[in-house]
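Undergrad: predicted model and sequence below, questions to follow.
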Amino acid sequence: MKNVFSLKNLFVVLLFIGIGCQKTEEDHTYALGKKSTFRINQPYASTDKQYALLIKEVSDSRCPEGLECFWSGEVSLKGTWTSNGITSDIELHSVMKALQKEPEGFTIQIVDAKPYPKSGVESKPEDLVITLLIQKN
């Protein structure tokens, strides 16, 4: 009888461990006015479901760690913004702000992009996690 009770307890413990180890889905929502992270080619919706953002291209020209560069470089991205069923193109720059093309009524700032490039290490745009701050004007 004691062995049956112990086996039941062991099963319950293993069940909870298995549930705790399950992979969780990445959150594809963002809140206006708060920093949020994004990846290329993954659709994101605002928490109120009124706006959507899809990053289609990312360019990271930052000077890699371990090198000396004439220019520090920047992160830029192109994508689409959807508001009330109307989609428009956007273009964001971390340094050259004059080239920005933001959705009307919004300010979008590139806050960070990780990982930072390293000399001799190849990186792909899909490896980047981009932190944006999206604010309604």
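TA: Sure thing, it's come through. Numbers count the residues shown, from 1 in each chain.

Undergrad: give me the pLDDT for the one residue sitting closest to the centre of the chain.
TA: Note on the chain: the residue nearest the mean C-alpha position is Phe38, at 1.5 Å, using Cα atoms, centre = their mean. pLDDT recorded at Phe38 is 94.

Undergrad: quick one, what contacts it?
TA: Counting by Cβ atoms under 8 Å, 6 or more residues apart in numbering, Phe38 touches 30, 44, 53, 55, 129-132. The way it works is simple: take the backbone N, C-alpha and C, and place the C-beta from them, glycine included.

Undergrad: again, but for Gly33
TA: 133-136.

Undergrad: doesn't it lie inside a helix?
TA: No. Going by DSSP: H, G, I helix; E, B strand; the rest coil, the assignment for Gly33 is coil, not a helix.

Undergrad: from Leu133, how far off is it?
TA: 8 Å (Cβ to Cβ, to the nearest Å).

Undergrad: what does the residue nearest to Lys56 when sequence neighbours are not counted show for phi and psi?
TA: In space, and not counting its chain neighbours, Lys56 is closest to Gly79: 4.9 Å by Cβ to Cβ, 6 or more residues apart in numbering. Dihedral angles of Gly79 (phi, psi; degrees, to the nearest 10) stand at phi -170, psi -160.

Undergrad: tell me where this protein has strands.
TA: With DSSP state E as the criterion, the chain has strands at 29-30, 35-38, 44-46, 51-60, 75-83, 86-93, 106-114, 129-136.

Undergrad: related to what we said a few turns ago, just the contacts of Gly33 now: which is nearest Lys101?
TA: Minimum distance to Lys101 across the contacts of Gly33 is 14.4 Å, recorded for Ile134 (Cβ to Cβ).

Undergrad: any idea how far that closest one lies from Cys69?
TA: Applying Cβ to Cβ, the value for Ile134 to Cys69 is 30 Å.

Undergrad: partner residues bridging the residue nearest to Arg39 when sequence neighbours are not counted?
TA: Excluding its sequence neighbours, the residue lying closest to Arg39 (Cβ to Cβ, 6+ apart) is Val129, at 6.2 Å. When bridges are called by DSSP bridges, Val129 pairs up with Lys114.
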